[in-house]
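>>> I would like to see how this sequence folds:
(one chain, ligands or ions: 1)
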Amino acid sequence: PRSTLFPYTTLFRSNVIWLSPVFDSPNVDNGYDISDYFAIMSDFGTMEDFDELLATAHEHGIKILMDLVANHTSDQHPWFVQSRSSKDNPYRDYYIWKDPNGFDENGSPIPPNNWASEFGGSAWEWDEATQQFYLHIFFKEQPDLNWANPKVREDLYAMVRWWLDKGVDGFRLDAINIISKPEGFPDDPSTDFEKHTSSIPFVIANGTMVHPWMKELNREAFSKYDVMTVGETSATSPEDAKLWAGYDAGELQMLFHFDHMGVDNDPEGSLGGKWSYAPYKLTELKRILNEWQTKLEGKAWGSLYWNNHDQPRTVSRFGNDSPEFREVSGKMLGTVLHMMQGTPYIYQGEELGMTNVFFDSVDDYNDLEIHDSWRKYVVESQRVSPEDMLRYISASGRDNARTPMQWDASENAGFTTGTPWLKVNPRYTDINAAEELANDDSIFYHYSDLIHLRKEHPIVLTGEYRVLNPEDEQVYAYLRVNSAEDAAESGERALLVVANFTQETLSL
Ligand code: TEU
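You can find the predicted model right below:
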């Protein structure tokens with residue numbers, strides 16, 4: 001049967017918790033700026049607390065996936081503190097330092113190339129003391145590690161082994177497809193400082209060394225353990241994905257692609273990219289998801305997600321979060337995703353149908369990406385009115401995903417008696433875990449049913465994905481079809497999924 005062809009069979013029936021980074025960090029970017037890979041951030045507790053979490057999860061048959069942030073560290077990491085201290089420090093080459101490309105008429109140093117930071121502005125930060133620039137694809141507090149230095153790779157692999165020896169079950173590899181920078185550091189044709197389309201410089205995605213280095217990481221660490229791996233790879237096509245996560249690639253097991261995350265960006269909008277919102281077309285969403293399902297078929301295993309800590313809430317984004325439709329819409333979206341081939345990832349609160357939030361002051365937000373964009377577009381260039389920018393933030397901002405978990409209707413949604421890092425979403429009085437558990441027909445129980453369906457019906461694992469109605473703007477329908485052999489073994493021939501994305505009653 002086809003199921004035996006898949007190399008990761010032990011994973012298919014596992015329950016796994018993925019923790020966003022919990023390592024020691026000054027927390028400029030919600031932990032994605034690590035200052036000590038071997039310690040736990042005090043906000044979350046101690047290493048003893050972590051060990052207890054791991055042991056308890058394992059007692060319950062739950063695996064723990066860690067977030068491996070290795071494209072960059074915090075600027076507070078001892079490696080970087082050493083690195084910036086002088087040009088001949090042994091750690092200088094742990095990061096990417098370059099001379100200026102001359103000086104302008106005011107005597108200001110000119111960056112080595114036009115690369116833009118994902119979060120806006122140049123990706124190069126000038127260091128006055130040593131008269132060179134360092135590279136940071138994300139915030140300036142997140143200098144990029146120099147993977148071309150074999151010592152950096154050895155230290156990182158040793159760190160990965162240290163966690164695996166401790167017993168963690170795998171890693172999500174943050175921004176892993178940008179670790180290999182192109183020879184000669186050429187300018188990037190996609191850079192557009194005017195719009196927020198800068199994104200990851202095109203020329204650094206999936207660079208020439210990523211695959212040799214991933215094979216090395218696999219050889220030096222992952223292959224020695226029973227491990228789960230998923231790479232976070234923006235700007236990656238299904239063809240690239242086979243190189244990364246093909247069954248015979250010897251690199252990673254799965255990828256998070258970003259293709260469906262751009263369907264509601266409006267490239268023609270005043271800010272372009274992320275901050276210009278336009279309603280998505282269902283046909284476009286289907287085209288993308290169908291393409292990933294069919295192109296990976298038999299070649300690589302997919303990962304399935306609607307949201308994560310960087311994305312707005314699914315039910316608000318792809319569904320309908322009005323009181324009338326929120327519940328049915330949340331269930332519908334869960335169904336569409338969970339019956340596809342691949343491993344589904346549920347982001348905290350998705351199983352409760354948590355919604356986007358609207359704050360009427362930028363001061364209520366925490367994410368530096370939001371604050372930097374506000375300063376740039378509302379305060380400095382005044383290209384957008386505060387009202388419009390607040391609407392864009394509420395549609396696309398990362399803090400939609402980062403408000404406290406809603407447990408019950410008590411103060412702060414029962415999350416804390418202290419002061420949370422972000423205000424609670426005001427809808428918590430209706431939308432919370434206690435409510436969901438009390439209602440037999442809730443989104444929570446529907447997600448629980450979906451998980452059971454996946455475990456009880458092997459066709460969700462083995463069935464070939466068939467596209468049914470690509471031109472239909474209202475209904476997402478697809479089939480999963482078993483081979484004769486799998487059908488004989490499981491007694492399951494086909495699975496039909498039909499999802500109405502509108503608020504009308506339709507006949508099909
Ligand atoms: O995100 C990498 C990534 O590709 C970002 O472009 C993402 O699209 C961005 O958050 C959009 O606003 C990872 C993490 O998931 C993110 O939280 C971190 O900020 C980033 O890496 C840097 O570590």
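>>> Next, count neighbours for the closest residue to the ligand within the chain.
In the chain, the residue that lies nearest the ligand is residue 32 (3.3 Å; CB to the nearest ligand atom). Yep, even glycine has a C-beta here, placed from its N, CA and C like the rest. For residue 32, the tally of surrounding residues (other CB atoms under 10 Å) stands at 23.
>>> residue contacts, it?
With contacts defined as CB atoms under 8 Å, 6 or more residues apart in numbering, residue 32 is in contact with 20-21, 25, 67, 69, 138, 142, 174.
>>> and the ligand, which of those reach it?
Among the contacts of residue 32, proximity to the ligand is found for 69, 138, 174 (CB under 6 Å from any ligand atom).
>>> Out of these, which sit inside helices?
By the criterion of DSSP state H, membership of the ones next to the ligand among the contacts of residue 32 in helices covers no residue at all.
>>> which of those residues tops the neighbour count?
residue 69 (28 neighbours).
>>> residues in contact with that residue?
Residue 69 makes contact with 21, 23, 32-34, 174-175 under the criterion CB under 8 Å, 6+ apart.
>>> Give the closest residue to it in space, chain neighbours not counted.
In space, and not counting its chain neighbours, residue 69 is closest to residue 174: 4.3 Å by CB to CB, 6 or more residues apart in numbering.
>>> Could you do residue 257 as well?
Spatially, and ignoring its direct neighbours in sequence, residue 257 is nearest to residue 236 (5.4 Å; CB to CB, 6+ apart).
>>> From residue 38, how far out is that neighbour?
With distances defined as CB to CB, to the nearest Å, the gap from residue 236 to residue 38 amounts to 30 Å.
>>> So for the two, which sits in the more crowded spot?
More crowded of residue 236 and residue 38, by other CB under 10 Å: residue 236, with 21 against 12.
>>> just checking, the residue nearest to residue 69 touches residue 66?
No: taking contacts as CB atoms under 8 Å, residue 174 lies outside contact range of residue 66: 10.4 Å.
>>> Please identify every residue contacting each of these two.
Common neighbours of residue 174 and residue 66 are listed as residue 21 (criterion: CB under 8 Å, 6+ apart).
>>> one step back: of the contacts of residue 69, which qualify as buried by neighbour count?
With burial judged by 16 or more other CB atoms under 10 Å, the buried subset of the contacts of residue 69 is 21, 23, 32-34, 174-175.
>>> Now for those: which two are most distant?
Maximum pairwise distance in the buried ones among the contacts of residue 69, criterion CB to CB, is 15.4 Å, between 23 and 175.
>>> three-state assignment of the residue nearest to residue 257?
Reducing the assignment to helix, strand or coil with DSSP: H, G, I helix; E, B strand; the rest coil, the entry for residue 236 is coil.
>>> ok, now residue 229?
Look at residue 229: counting by three-state DSSP, its state is strand.
>>> what's the neighbour count on it?
Residue 229: 25 surrounding residues under other CB under 10 Å.
>>> do residue 431 as well
Counted with other CB under 10 Å, residues neighbouring residue 431 total 25.
>>> Ok, residue 225 next?
By the criterion of other CB under 10 Å, residue 225 has 16 neighbours.
>>> just the strands in the stretch 401-508 of the chain please.
Taking DSSP state E, counting those that start in this stretch, the strands of the stretch 401-508 of the chain run over residues 464-467, 475-481, 494-500.
>>> Reformat these as TSV; add distance to residue 437.
Rendered in TSV, the data for these read as follows (distance: least, CB to CB, whole Å):
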stretch	distance to residue 437
strand 464-467	33
strand 475-481	29
strand 494-500	25
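>>> How about the contacts made by residue 319?
For residue 319, the residues meeting the contact criterion (CB under 8 Å, 6+ apart) are 325-326, 329-330, 332-333, 501.
>>> hmm, try it at 6 Å
Shown here is residue 319, whose contacts under the criterion CB atoms under 6 Å, 6 or more residues apart in numbering are 329, 333.
>>> got the residues of the chain near the ligand?
Taking CB under 6 Å from any ligand atom, the part of the chain that reaches the ligand is made up of 29, 32, 69, 118, 138, 174-175, 232, 234, 309-310, 369, 398.
>>> Show me which of those is closest to residue 250.
For these, the residue nearest residue 250 by CB to CB is residue 232; the value is 19.3 Å.
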